[in-house]
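[1] dropping a prediction and its sequence here:
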Amino acid sequence: MEYKTAQECYEQAVGNRYQYLDRARQCSKLTLPYIQPEEGFGPHSRLETPFQGVGARGVNNLASKLLLALLPPNAPFFRLNVDSYALKEEGAPDEMITEIETALQKMEEAVMDEISRETYRTVLHETLKDLIITGNALVYLPDEGGMRVFNLDRYIVERDPMGQPVSMATKETIAYSVLSDEMKQAVGTKSETPNDNCNLYTAIKLIDNKWEVWQDINGIPIPNSGGTYKKDKCPYIPLRFCRIDGESYGRGYIEEYLGDLQSLEKLTQAIVEGSAASAKVLFLVNPNGTTNARTLAESPNGAIVSGNVQDVTVLQVNKQADLQVAQQTIEAIKDRLSHAFLLTSNTVRNAERVTAEEIRMLGQELEAALGGLYSLLSTELQLPMVTRLMAVMGKNKAMPKLPKDTVKPVIITGVEALGRGNDLNKLDMFLSGAAQMFGPQVLQQYVMPNEYFTRRATALGIKTEGLIKSSEQLQQEQQAAQQAQQQQMMVEKLGPAGIKAMSDQMKQTPSEEQ
């Protein structure tokens, strides 16, 4: 099958992106101009500074809250779900299923440790800003580890009617001096000065239920740059802030409030410029009066000069009433934007460690305020990212490969719970209801304490090695307690003389056998 060059794949679909990119630049100009600058922006270009900072503050606040909800610092944001029904059909006991879940918890911790070591949180925070402002972003998770993000002006995407991506392409401008030897050989002889740039294109297409990837520089194919990935393990993850049926790109959150931001920008600019004009002090001297203007200007403070106070006046704008109307309108707009960007809520404390309840409240607030965005990101960002990370860690032998049909990663999001805290709540509710219905005596009769301790520790993410006694240890302790009780009963029954006689007999037995 003959493929088009990556440059052709990119340039043929650029036209479909224009309206989204133009809108994204308008939104970026009123919030964070560096996220999506104008076309032709370079290292020596200057960014425009907006007159108001409500948009920037709202984007940073919303991105931080989303980051805390998507990657909570005190618990995994996903769980490896084991198909207990399939294991029971194979004859696995309940104790073995609990041990498997405990082992899966360790794998979850390994993935979270990998996220903490690398720059995933930093890049994800940048990605969330892109999504809020432009509505689109492309995340790249290479085989070597790490994470990077492509802005809307550096990639294209095409989706099928169901919204699933079927084709992607990226464009990167890189210096000739940093190209590999294979890339330099493909480009040919060229000046090796650092100022010479080349356009590196990467095409990603879904062909026969697999992702095909190939690259070229300025239309020249790069040898050994192709690759194939499974459908659910593609290193390129296209994201969108909201899903719109029939469109390959999403719309940003800022676009929904673009009118308020534009009005706030114009009104703030008018008040700032009007205040600057009002702050200018000018003294007007009557040209036909007796007061000399030069004498007034050159006289030091406290000097005595001849003149008439009626000849001197101060220039005033007298626009207080008009500026007051503008200020009232600004306050009304700021109030609406503050609620839209969750600037009025203080659910999560500003502390090093926050509780799981605060994280759950934050998830509920985001779910209610953003209309299901949290659930969309869990489907299009969290789950593909976890699947890709596990594939990379398995390839690098950082964790064992899991059976595909038995163990699957599951993202727990929305208003119900985050992570394994949902299991803990259900477990406590079950035991509390059973104790209220039948009493603690019946509960002790039917519930296995060791199994309860293990499941509760797993739900809380606590390591149980050396903390909880195993069944063998409990059995040995019970046997030792029974022997001690039997000896005590014998002492009470036979007395000291009988115990001494039995002890002497036990000492003589080994010598007789010898």
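    Sure thing, it's come through. Residues are numbered from 1 along each chain as shown.
[2] okay, CA-based contacts and neighbour counts for the rest of this
    OK.
[3] start to end distance for stretch 41-52?
    End-to-end distance of stretch 41-52 (CA to CA, to the nearest Å): 22 Å.
[4] for it, buried residues please.
    Buried residues in stretch 41-52, counted by 16 or more other CA atoms under 10 Å: 50, 51, 52.
[5] which of those residues lies closest to residue 14?
    residue 50 (28.8 Å; CA to CA).
[6] now do the contacts for the nearest residue to the closest one once chain neighbours are set aside.
    Leaving aside its chain neighbours, residue 50 sits nearest to residue 30 (5.9 Å; criterion: CA to CA, 6 or more residues apart in numbering). Counting by CA atoms under 8 Å, 6 or more residues apart in numbering, residue 30 touches 50, 55, 56, 261, 262, 265.
[7] and the furthest pair within these?
    Spanning the widest gap among those are 56 and 262, at 13.3 Å by CA to CA.
[8] more crowded one of those two?
    Shown here are residue 56 and residue 262; by other CA atoms under 10 Å, residue 56 has more neighbours (19 against 15).
[9] got the phi/psi numbers for that one?
    Residue 56 has phi and psi values of phi -60, psi -40 when expressed as degrees, to the nearest 10.
[10] show me the contacts for it.
    By CA under 8 Å, 6+ apart, the residues touching residue 56 are 30, 31, 32.
[11] tell me the gap between the helix or strand where residue 65 lies and the middle of its chain.
    Under the criterion of DSSP states H and E, residue 65 resides in helix 54-70. Here helix 54-70 is found 10 Å from its chain centre; the criterion is CA atoms, centre = their mean, to the nearest Å.
[12] do stretch 237-250 as well
    Relative to the chain's own centre, stretch 237-250 is displaced by 18 Å; criterion: CA atoms, centre = their mean.
[13] now do the strands in the chain.
    Under the criterion DSSP state E, the chain carries strands at the ranges 78-82, 136-140, 148-150, 155-159, 165-175, 197-207, 210-217, 220-221, 227-230, 236-240, 283-285, 312-314, 407-411.
[14] same list (those strands) but as a markdown table, adding mean pLDDT, mean neighbour count and distance to residue 12.
    Conversion of those to a markdown table gives the following (pLDDT from 0 to 100; neighbours: other CA atoms under 10 Å; distance: least, CA to CA, whole Å):
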| stretch | mean pLDDT | mean neighbour count | distance to residue 12 |
| --- | --- | --- | --- |
| strand 78-82 | 79 | 19 | 38 |
| strand 136-140 | 95 | 24 | 18 |
| strand 148-150 | 93 | 19 | 19 |
| strand 155-159 | 95 | 22 | 10 |
| strand 165-175 | 91 | 19 | 10 |
| strand 197-207 | 90 | 20 | 12 |
| strand 210-217 | 91 | 21 | 15 |
| strand 220-221 | 84 | 18 | 17 |
| strand 227-230 | 90 | 14 | 22 |
| strand 236-240 | 94 | 23 | 18 |
| strand 283-285 | 90 | 15 | 65 |
| strand 312-314 | 90 | 13 | 65 |
| strand 407-411 | 79 | 18 | 36 |
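[15] nearest to residue 270, of the ones you listed?
    Using CA to CA, the nearest of the strands of the chain to residue 270 is strand 312-314, at 22.7 Å.
[16] low pLDDT regions in the chain?
    Low-confidence segments of the chain (pLDDT under 70): 1-3, 74-75, 84-95, 189-195, 344-372, 404-405, 412-423, 458-467, 490-514.
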